[in-house]
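K.L.:
Sharing a model prediction with you, sequence too.
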Amino acid sequence: TLESLCKHFGADMFTPWRDLPAKFKAVVLHGTKEKVKFTYEDGLRQFATTKAFEGVIPNLSRRWRETDSSWVREDLARFQSAQPCETCHGKRLKPEALAVKVAGQDISEAGERSIRAANDWFEQIEDELTDKELEIARRILKEIRDRLKFLVDVGLDYLTLSRASGTLSGGESQRIRLASQIGSGLTGVLYVLDEPSIGLHQRDNERLLRTLTHLRDIGNTVLVVEHDEDAIRMADHIIDIGPGAGVHGGTVVAQGPIHAILESEQSLTGAYLSGKRRIEVPVKRRSPDTARQLVVTGCCGNNLQDVTLELPIGLLTCVTGVSGSGKSTLLKLFASEQEPDGGRITRVKGSRLGYLPQDIALEGGRGLLEFVTSSVPGREALEEELAGAESSLAEAQAAVEAGDEARTEELMQVGERLAVLHEQLAHHEQFFSEHEAMTILAGLGFKTSDHERDLGEFSGGWKMRAVLAALLFQRPDLLLLDEPTNH
């Protein structure tokens, strides 16, 4: 495509992008209505077509709008980035609003602080206010301090007030809602929480549990779905549902205080809590090969501060640390293949990467097996090219039938190209066979009867396994999992 564009507009393929004419750059990025002859080769045959060039940016935008595949969206996200506004520099306010300052700072500067730092700043701000200002601000300051304290109490003190809500994990969003409920001071309320400890380090878990017991102590009922051992042991009453998952679950196998669960013969949860069953620690571990590793240098983003990291290849590597330390940001940098701010990433050339994010959003409408097999990399590009070639074939055939014999050769070329594409698609489907997908699903605990079930019918944990199955079906060399045990 680029060679044809260069030939048509008189540009040199080997000229660096920065030295190309502005007009040609605009054509590549935004397309042109002018008809261009494109010639394609696959090593055996040659195929030519004449059409307008869509442009890189319109092509990416169209594919983003039209696709239903989360994998395609994840891939296209590599070419997107957020940039601060040149006028307000990302503060999102007019100069008039930013001119209003308290203790020498505008609202945007105050919002750049972490919740803990903002809490400390608002505690000391009274010393910098006059008596008249303090009289005006006293009640406002009290409300702000109370809300910041609630956020600190649920373990969110590391977040900045300006953090975009879309970058928060499911657990963080849930804890923010929890903090707002605490601030309301209501009693006699039933609170239902679905795994609020997601993403929390054990250091921060204690503060969350104190918040939940506080809600109970002031006269509320708190119902929590949890796998966390501390939360289970702290509960006044435990309901254990099982004994298995899917069609093998759905019954109450034990309930009561902690000792009733520990003593139950039917409770798998009780068996692990009592120590009767456990996950064995490997006796022998693999040693890293220093010659094969991924390297990230000078990595900055969210909470990361100039991180340099060497990640060994061929090992099971665990990235750990307290909540908000930058673990997920680090994985996203590897997964998106975007260069960190001021940094550099070195990878193994040609490696296939699979990424399982912390929060997944799978909608219904597709069966499990269809979802896994449709996730194969490169398939959508083949199908897009096939659709384009079929359209060109119909157009050329209609022209020939109308008496335009000049397009007979084009008709033959398009037909040959279609045959090649069909052959490539058949090879693709053979390489990524449905049988292999079934084997992967079985290894993750799915039954044959699950293959045709709609994705919307599965729980969060089984949806996570479905996404993992789709990743494994792609045969990645590097698999990045962001808290896969959350669900």
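P.N.:
Ah, there it is.
K.L.:
Need the phi and psi values for T39.
P.N.:
Main-chain dihedrals, T39, degrees, to the nearest 10: phi -120, psi 130.
K.L.:
Please report how far it lies from S433.
P.N.:
Counting by Cβ to Cβ, to the nearest Å, the gap from T39 to S433 is 34 Å. To be clear about C-beta, it is placed using only N, CA and C from the backbone, and glycine gets the same treatment.
K.L.:
same deal with A470?
P.N.:
A470 is 15 Å from S433, by Cβ to Cβ.
K.L.:
Low-confidence stretches in the stretch 251-400 of the chain?
P.N.:
301-303, 335-352, 359, 361, 375-382 (pLDDT under 70).
K.L.:
Recalculate using a threshold of 80.
P.N.:
290-307, 309, 322-326, 328-366, 373-393, 395-397, 399-400 (pLDDT under 80).
K.L.:
would you list every one of the helices in it?
P.N.:
Along the stretch 251-400 of the chain, the stretches classed as helices by DSSP state H, counting those that start in this stretch are 258-263, 268-274, 327-336, 368-373, 379-401.
K.L.:
most packed of these?
P.N.:
Neighbour counts (mean count of other Cβ atoms under 10 Å) averaged over each of the helices of the stretch 251-400 of the chain peak at helix 368-373, with a mean of 22.
K.L.:
Secondary structure class of G461, three-state.
P.N.:
Look at G461: counting by DSSP: H, G, I helix; E, B strand; the rest coil, its state is helix.
K.L.:
Grab the most central residue of this protein for me.
P.N.:
Most central in the chain under Cα atoms, centre = their mean is P357, positioned 4.2 Å from the mean C-alpha point.
K.L.:
which non-adjacent residue is nearest that residue?
P.N.:
D482 (5.4 Å; Cβ to Cβ, 6 or more residues apart in numbering).
K.L.:
Could you measure from the one you found over to V295?
P.N.:
Using Cβ to Cβ, D482 is found at 20 Å from V295.
K.L.:
between the two, who's got more neighbours?
P.N.:
Between D482 and V295, counted using other Cβ atoms under 10 Å, the more crowded position is D482 (20 against 12).
K.L.:
close enough to count as contact, that one and I360?
P.N.:
No - if you go by Cβ atoms under 8 Å, D482 and I360 don't touch, sitting 9.8 Å apart.
K.L.:
Now do the same contact list for the residue lying closest to R366 once chain neighbours are set aside.
P.N.:
Leaving out its chain neighbours, the residue that sits closest to R366 by Cβ to Cβ, 6+ apart is L455, at 5.6 Å. Applying Cβ atoms under 8 Å, 6 or more residues apart in numbering, we find L455 in contact with 362-368, 371, 463, 466.
K.L.:
Could you dump these into TSV with distance to D68 added?
P.N.:
As requested, the contacts of L455 are exported to TSV (distance: Cβ to Cβ, whole Å):
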residue	distance to D68
L362	12
E363	9
G364	12
G365	8
R366	8
G367	14
L368	16
F371	11
K463	16
A466	16
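K.L.:
Just the closest of the residues you listed to E423, please.
P.N.:
The closest of the contacts of L455 to E423 turns out to be F371 (Cβ to Cβ; 25.9 Å).
K.L.:
I'd guessed the closest one sits against R465; true?
P.N.:
No - with contact defined as Cβ under 8 Å, F371 does not count as touching R465 (11.6 Å).
K.L.:
Now which of the contacts of L455 would you call buried?
P.N.:
When those are checked for burial by 16 or more other Cβ atoms under 10 Å, the buried set is 362, 368, 371, 463, 466.
K.L.:
Help me confirm that the second one comes into contact with I440.
P.N.:
So that's L368. No - counting by Cβ under 8 Å, L368 does not reach I440; the two are 11.2 Å apart.
K.L.:
just to revisit the earlier point, let me see the contact set for the residue nearest to P357.
P.N.:
327-328, 331, 355-358.
K.L.:
gap between it and K327?
P.N.:
In this view, D482 and K327 are 8 Å apart by Cβ to Cβ.
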